[in-house]
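A.B. asks: sequence unavailable; structure follows:
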Ligand SMILES: Nc1ncnc2c1ncn2[C@@H]1O[C@H](COP(=O)(O)OP(=O)(O)OP(=O)(O)O)[C@@H](O)[C@H]1O
């Protein structure tokens, strides 16, 4: 089972072109869609979840034409939106049972089994009688995943699920997701690079509605070997460095500014070569040194 997105564009009525000719091939497993705020991730997730229509393009899940068989797709689709409301006074067990009814589990006994196994899977069984209003952010997200997993979806879409989670909750949530990726297509949208590097076997980087890079994290990281150089400077030197080098990122560390630059050759002047990571891939792509943004720049030259 594979998800194929072909030439999807979306222009909102106010004229914002949120997606421009997006094509992606998403195999089974965990797939990361990485991009900054406003890149178009949520728009794409909502289109894939059949909640809004694109202006053009086609989507296939296996043989199924998603945009023309929405009812069929919804039966095998799980979607955890970026924001969702929960009834604060309901208990986890009762609300999940209610969603199971909506999903078509009409027999009480089998529904109870499903609810129990899902609450155990997301580690909320002990909290099943607690009111959702008292849940932590991580518990809410895990409850959301339980809802999304009703009916064993072949396609699971999760939109920025780790934003706002503390490190422990985040790791627990990511571990849960990675188990799910073993049997289905799990599409994870995020602006957090570590979410992708820790979890996803395939990924794409999106910015301003365009796919800049479609790759495997390890392949992309390998391709940057020998090209990322680091220098620690006082902040006051930053304008000079930015004028003379291809700066891809700057970060504070112990009061100093750590600069990463992209260069095919040793820039000298105190720069050290660093072992690249996915953050370097992300920033190299966003600054046009790798991916399709680069091709465009070359054409423009
Ligand atoms: N309903 C809408 N009407 C008009 N413009 C919209 C609508 N929804 C999103 N947009 C615009 O489309 C662009 C992409 O937004 P989208 O929410 O898809 O991005 P995103 O990558 O999910 O960002 P974020 O991480 O901030 O959620 C933005 O410029 C946004 O302002």
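C.D. replies: Sure thing, it's come through. Here the structure is a predicted model, which is why all the values come from computation and not from measurement.

A.B. asks: can you give the contact residues for stretch 89-96?
C.D. replies: Here stretch 89-96 makes contact (Cβ atoms under 8 Å, 6 or more residues apart in numbering) with 86-87, 98, 115, 118-119, 124, 127-133, 135, 143, 146-147, 150. Where C-beta positions appear, they are placed from N, C-alpha and C, glycine not excepted.

A.B. asks: and the spatially closest residue to residue 287 that is not a sequence neighbour, which of the three is it?
C.D. replies: Nearest residue to residue 287, sequence neighbours excluded (Cβ to Cβ, 6 or more residues apart in numbering): residue 248, at 5.0 Å. Assigned by DSSP: H, G, I helix; E, B strand; the rest coil, the conformation of residue 248 is strand.

A.B. asks: how close does residue 46 get to residue 292?
C.D. replies: 24 Å (Cβ to Cβ, to the nearest Å).

A.B. asks: more crowded one of the two?
C.D. replies: A count of neighbours by other Cβ atoms under 10 Å puts residue 46 above the other of residue 46 and residue 292, at 20 against 15.

A.B. asks: who touches the host helix or strand of that one?
C.D. replies: Per DSSP states H and E, residue 46 falls inside helix 41-48. Residues from elsewhere that reach helix 41-48, judged by Cβ under 8 Å, 6+ apart: 3, 5, 8, 10, 18-19, 22, 33, 35, 52-54, 59, 66, 79, 81-82, 155, 157, 159-160, 187, 189-191, 206.

A.B. asks: now do 6 Å
C.D. replies: Residues outside helix 41-48 that contact it (Cβ atoms under 6 Å, 6 or more residues apart in numbering): 10, 18-19, 33, 35, 52, 54, 82, 157, 159, 189.

A.B. asks: of these, which is the most crowded?
C.D. replies: Busiest of these [other Cβ under 10 Å] is residue 33, holding 28 neighbours.

A.B. asks: how far away is that one from the ligand?
C.D. replies: In this view, residue 33 and the ligand are 9 Å apart by Cβ to the nearest ligand atom, to the nearest Å.

A.B. asks: hmm, residue 192 and that residue touching each other?
C.D. replies: No - applying Cβ atoms under 6 Å as the test, residue 33 and residue 192 come out as separate, 11.7 Å apart.

A.B. asks: show the pLDDT at the residue nearest to residue 287.
C.D. replies: Residue 248 carries a pLDDT score of 96 in this model.

A.B. asks: who's in contact with the helix or strand hosting residue 9?
C.D. replies: Following DSSP H and E, one finds residue 9 within strand 3-11. Outside strand 3-11, the residues that touch it by Cβ under 6 Å, 6+ apart are 17-26, 43, 54-61, 185.

A.B. asks: inside helices: which ones of those?
C.D. replies: residue 43 (DSSP state H).

A.B. asks: tell me which element the nearest residue to residue 136 once chain neighbours are set aside is part of?
C.D. replies: Spatial nearest neighbour of residue 136, excluding adjacent residues (Cβ to Cβ, 6+ apart): residue 169 at 6.9 Å. Assigned by DSSP H and E, residue 169 belongs to helix 167-180.

A.B. asks: and if you look at residue 261?
C.D. replies: Here residue 261 is assigned to strand 256-262, by DSSP H and E.

A.B. asks: paired strands for that strand, with orientation please.
C.D. replies: Neighbouring strands of strand 256-262 in its sheet, by DSSP bridges, are strand 228-233 (antiparallel), strand 247-253 (antiparallel).

A.B. asks: the helix or strand that comes right after that strand packs against which elements?
C.D. replies: Following strand 256-262 in sequence order, the next helix or strand is strand 272-273 (DSSP H and E). Using 3 or more Cβ pairs under 6 Å, 6 or more residues apart in numbering; DSSP states H and E as the contact test, no helix or strand touches strand 272-273.
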